[in-house]
Every structure is written in C-alpha cells, then in structure tokens.
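Visitor: how would this look folded up:
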Amino acid sequence: MKIALVGYGQMGHMLRSVAEKRGHKVVLTVDTFAEDADFKPASPAETAAKIKESGAEGIIEFSHPTSVMGNIEALLPLKLPLVVGTTGWNDKREEVEKLAVKDGSFIFHAANYSIGVNLFYKIVAQAAKLVSNYDEYDCALWEAHHTKKLDSPSGTALEIAQLVLDNMPSKKTIVTEAFHDRPKKEELHVSSTRLGSVPGTHTVFFDSSADTIELTHTVRNREGLAMGAVRALEWLRGGVDDGSIKPGMYSMNNILGD
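Guide: All right, here's what the predicted structure looks like:
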C-alpha cells in the first residue's frame, strides 16, 4: 500500500519504519516543523492537495491536538482510508463520525493503538465489574508520559476511566484536577505525571482498608503503537477494497472484537 504520513515526529518516523517492514511504501511525509519531512504545509488544505498528488492509498495522521480537527476535515473528502492517532478531540467524535458518513469516507481512531493497551482495556473493564460487587473498594487512575506529550490526562487514561464508570456503578464522574476537599465516593480521580522520556504508564488502583489491587500497563517503546496503527490502516484499506465495511468511524474493537 502507498501511505501518506501526516505528522513526522518521533512517532511518524517509527510508523515509516514499521510500514516499510510490512512491505508498504511511504510516498509522502507531511509536517509543519520536521526538517526531514517531504512537505511543510501552510494549511490543512495544502496537506490534502499534496496527498492527492502523491497517489497515496491510505493516510496515517499523528500530528498535534491543535491541528487534528483541521486535518480530519480536510482529509476526509479525499475518501482515502484515514487512521488518526492524535488524541485530544474526543468531544468531537460524534461530529467526525457524521462527517465521515456524509462524505462517504472511512476513518479509524483509537486513543491508543497498542494491542497490549487494548487488551488492558478489557482486563480493566472486567476487573471493575468484579470489584463493583464489594462496596469496601474505591478506585482511582494514574498515568505518566514524557514531557513532550501535550494532552493531560492522556486519551488512554480517559478511555480507561470511562470503562471504570461503565462497569463500576459507584463511580459517576471523572475528576482530573487536584482535590482541595475530600473526594466524594462517586468521583473517580485521574491523575497525571509528565516526566522525562517515559513512553507511557497507566495504573488502575482498587483500594480497601484491607488491601490494594493494582493493574498496570507499561509501554517499553513506540513500536507497538506504530504496529497497531499500520495494522489498523491495513484492516481499513482491506474493508474498503472488498466492500465489507460502510463509510463511518471504526476502532480497535473492530479488529480485536468486543
């Protein structure tokens, strides 16, 4: 497959390496700041025009939270399978899905493309459901990432928090700020740390007066994220080609199953 990469920082370089190992060809790299990018756009419209010229058959977008919506709106009309890894736009998810259907386009989005993280989601959901049977247990989340990560808490942490809310009825709301009073029982605290070059750690705590249960996923490097994103594009391109999927938004659940 001929692939265009929008965003060519550390993740973009890893995506290129993984894609080429899997037999694909990166025909265009786009980034406003990266010195070694093929093209430095002045606007999302320029990005879309350049990708159209490149002959790309699929797009992977890992850019910046402030530019991701502009990129999505400009790229969907190309009707090329689009995998978006940038986080920080979860409140626009429904709007983007409607736009994809309207344009007859296909978009894939996950807060985290690691296969391990997506398995971790399922483990946390099941754990929260089990623990919810015992009133003595409280729950909280903590995540750590490198200092270059701009959104806080991470999209992955918010995804995990929602899974806890969905499966632990005692928790009703997510709190991401520091507490200045005693937390209410229904509040789920999500705290964040930004440190050095940490690729990503997420921990869920279930705590009682007698003991603590901790579930942790730790990323060793970005290769797992890149591999998941490339596989997502392969799945999306395959579904478009054989007509097995309809225009709209897809996620890792479509690959891993519910």
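
Visitor: Now whichever strand or helix holds G70: average pLDDT?
Guide: Here G70 sits within helix 68-75, counting by DSSP states H and E. Helix 68-75 shows a mean pLDDT of 97.

Visitor: Would you mind pulling the contact partners of the next helix or strand along the chain from it?
Guide: Using DSSP H and E, the helix or strand that follows helix 68-75 towards the C-terminus is strand 82-84. Contact with strand 82-84 is made by 58-61, 68, 72, 75-76, 105-109, 229, 232-233, 236, as judged by Cβ atoms under 8 Å, 6 or more residues apart in numbering. Heads up, the C-betas are built off the backbone N, CA and C, glycines and all.

Visitor: what ranges do the helices span in the stretch 51-200 of the chain?
Guide: In the stretch 51-200 of the chain, the segments counted as helices under DSSP state H, counting those that start in this stretch are 68-75, 93-103, 115-131, 155-167.

Visitor: Throw those helices into TSV and include distance to S192 and mean neighbour count, thanks.
Guide: Listed next are the helices of the stretch 51-200 of the chain as TSV, based on distance: least, Cβ to Cβ, whole Å; neighbours: other Cβ atoms under 10 Å:
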stretch	distance to S192	mean neighbour count
helix 68-75	20	20
helix 93-103	21	15
helix 115-131	16	18
helix 155-167	7	21
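
Visitor: quick one, which of the ones you listed is nearest to I255?
Guide: helix 115-131 (8.2 Å; Cβ to Cβ).

Visitor: Give the other helices and strands that that closest one contacts.
Guide: helix 155-167, strand 201-207, strand 212-218, helix 223-242, helix 252-256 (3 or more Cβ pairs under 8 Å, 6 or more residues apart in numbering; DSSP states H and E).

Visitor: Out of these, which gets nearest to A45?
Guide: helix 223-242 (22.6 Å).

Visitor: how near is E20 to L28?
Guide: The gap separating E20 from L28 is 14 Å, by Cβ to Cβ, to the nearest Å.

Visitor: now swap in I174 and tell me
Guide: Distance from I174 to L28, by Cβ to Cβ: 38 Å.

Visitor: Point out where the protein drops to low pLDDT.
Guide: The chain contains residues with pLDDT under 70 at 258.

Visitor: In it, which residue is most central in space?
Guide: Centroid-nearest residue in the chain: A111, 2.1 Å away (criterion: Cα atoms, centre = their mean).

Visitor: nearest residue to it other than its sequence neighbours?
Guide: With sequence-adjacent residues excluded and distances taken as Cβ to Cβ, 6 or more residues apart in numbering, A111 is closest to G155, at 3.6 Å.

Visitor: now the most far-flung residue of the chain relative to its centre: how far from E136?
Guide: For the chain, the largest distance from the centre (Cα atoms, centre = their mean) belongs to A210, which lies 35.5 Å off. Here the criterion is Cβ to Cβ. By it, A210 lies 8 Å from E136.

Visitor: and what of M227?
Guide: 40 Å.

Visitor: still on that earlier bit, switch the helices of the stretch 51-200 of the chain over to CSV; also include distance to M252.
Guide: Compiled in CSV, the helices of the stretch 51-200 of the chain are given as follows (distance: least, Cβ to Cβ, whole Å):
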stretch, distance to M252
helix 68-75, 18
helix 93-103, 14
helix 115-131, 5
helix 155-167, 10
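
Visitor: so which of those helices comes closest to I51?
Guide: Going by Cβ to Cβ, the one of the helices of the stretch 51-200 of the chain nearest I51 is helix 68-75, 7.1 Å.

Visitor: could you say what helices and strands that closest one packs with?
Guide: helix 44-54, strand 58-61, strand 82-84, helix 93-103.

Visitor: Now tabulate those in JSON lines and tack on distance to L215.
Guide: Listed next are these as JSON lines, based on distance: least, Cβ to Cβ, whole Å:
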{"stretch": "helix 44-54", "distance to L215": "39"}
{"stretch": "strand 58-61", "distance to L215": "29"}
{"stretch": "strand 82-84", "distance to L215": "27"}
{"stretch": "helix 93-103", "distance to L215": "25"}
